[in-house]
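Participant: Prediction below, plus the sequence it came from.
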Amino acid sequence: MISCKALLPAYGIISSFQVLLRHRSMSTLSYVQRIKLLQALKEDDDKIVKVRESGRVLPFVAKKPLISMPEMGQTAQTLRWISFSDLQRLYPSEDLASRSILLNLADTGQACFTADLPGGASVAAAAQAALGGKFVDPRAALFLLPWEEACTMSHAFSMLHWRETTNFCPGCGAELRSRPAGHAKNCPSCDTVQYPMTSPVGITMITDAAQTRALLVRQGRHPPGMYSCVAGFLEPGETIESCIRREVAEEVGIDLDEVGYMGSQHWPFNGGQLMVGCYGRTEQTQLDIDTEELEDARWFSAEEILEAYKRIQNNPMARIRNETQKGELWVPPRGTIANRMIKTWLTDCGLLPR
Ligand SMILES: [Zn+2]
């Protein structure tokens, strides 16, 4: 564990912090202090080595994060963090420093990393026995974990994926070199820096003017019975609102009367996406479905959607365990922005408590 007292003098940004810290517990950093320290740490290649030694790591094996299963009296899974020194002791022949990526700082000042451990399923079983917890499918982890921990898992998954798949400079083709913090890569040939990219996606909760029905769509790749919100990638030159209006026009033939922002979520799969959630309202309810993109699109009553929402909340593993019944409507599980948007709409309709 590293204290903020030990960290602060290292970065030349101490004057304002010293004033702040007189009035704060020395064991807790404010949000702004953490962000400024993190920013400085990413640029200090020597200091990262020192903070890593006293840091903690969220391990992955074969793209699966390590999760602590609930103990007696607990209801939720949590991320399983291991001290860097303990992890290195377990893998003495591995260079875990080069496998680790800096994620953030805890409010105590301790640096938090992720690292992909070598090996496959057999190694995972041995690592689980040694570390405690379980390596779980990252999609399952998103709805098993509390929202903030799911965001951390999403961040870690994306950083590891980016490091594994981005090896050459897009400008000159030279091999990139990872920075010690792992958050960026340098091109030694043209002296550029590469950072992870995230693609914006617009996703829409479409409702009728009376707010009694919502439009959900189903793609061929969706599990049986599942319907979700219309979604599509932002194209160059578009605002998120124009992206939403275009996608809705393309996929279901509707011209929205009103589009507004609801919230966003990082989605780590398919290269990393920022899901920008919007509501869309329309008086036009006649559909013209693009059958190349969609298998089906339907207006559902608020009561039908409430029933489906409760079903997935009560049994988020149902679809994975094939416990769904034929003909039942399913909506995306907890941990997805579509689930949050549906919950918000049902709450606004007065069908769920605030
Ligand atoms: Zn280059």
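Facilitator: Ah, there it is. Everything numeric here is computed off the predicted structure, so don't read it as measured data.
Participant: how about the residues of this structure near the ion?
Facilitator: Applying C-beta under 5 Å from the ion, we find that the chain lies next to the ion at 169, 171-172, 174, 187, 189-190. All C-beta atoms are positioned from the backbone trio N, CA, C, and that covers glycine.
Participant: If we go by neighbour counts, what in stretch 140-150 is buried?
Facilitator: Burial within stretch 140-150, assessed by neighbour count using 16 or more other C-beta atoms under 10 Å, is assigned to 140-145, 149-150.
Participant: need the strands for the stretch 101-250 of the chain, in chain order.
Facilitator: In the stretch 101-250 of the chain, the strands defined using DSSP state E, counting those that start in this stretch lie at 111-117, 134-135, 177-178, 185-186, 193-194, 199-208, 213-218, 230-233.
Participant: so which of these is the most packed in?
Facilitator: Stretch with highest mean neighbour count among the strands of the stretch 101-250 of the chain: strand 111-117 (a mean of 24; mean count of other C-beta atoms under 10 Å).
Participant: follow-up on the earlier one: adding distance to residue 198 and pLDDT, write the buried residues of stretch 140-150 out as a markdown table.
Facilitator: Listed next are the buried residues of stretch 140-150 as a markdown table, based on distance: C-beta to C-beta, whole Å; pLDDT from 0 to 100:
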| residue | distance to residue 198 | pLDDT |
| --- | --- | --- |
| 140 | 22 | 88 |
| 141 | 19 | 91 |
| 142 | 16 | 89 |
| 143 | 21 | 83 |
| 144 | 23 | 86 |
| 145 | 20 | 91 |
| 149 | 20 | 94 |
| 150 | 16 | 94 |
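Participant: Out of these, which is nearest to residue 65?
Facilitator: Ranked by distance to residue 65 (C-beta to C-beta), the buried residues of stretch 140-150 are led by residue 141 at 5.4 Å.
Participant: quick one: which of the buried residues of stretch 140-150 sit in helices?
Facilitator: 140-144, 149-150 (DSSP state H).
Participant: residue contacts, residue 67?
Facilitator: 77-80, 133-136, 141, 144-145 (C-beta atoms under 8 Å, 6 or more residues apart in numbering).
Participant: what about the strands of the stretch 101-250 of the chain, which gets the closest to residue 125?
Facilitator: strand 134-135 (8.9 Å).
Participant: So which other helices or strands are in contact with that closest one?
Facilitator: strand 64-68, helix 121-131 (3 or more C-beta pairs under 8 Å, 6 or more residues apart in numbering; DSSP states H and E).
Participant: PyMOL command for the buried members of the residues of the chain next to the ion?
Facilitator: Buried residues among the residues of the chain next to the ion (16+ other C-beta under 10 Å), as a PyMOL selection:
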select buried, resi 169+187
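Participant: now the residues of the chain next to the ion in JSON lines, with pLDDT?
Facilitator: Formatted as JSON lines, the residues of the chain next to the ion follow (pLDDT from 0 to 100):
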{"residue": "169", "pLDDT": "97"}
{"residue": "171", "pLDDT": "96"}
{"residue": "172", "pLDDT": "98"}
{"residue": "174", "pLDDT": "98"}
{"residue": "187", "pLDDT": "98"}
{"residue": "189", "pLDDT": "97"}
{"residue": "190", "pLDDT": "97"}
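Participant: Thank you, goodbye.
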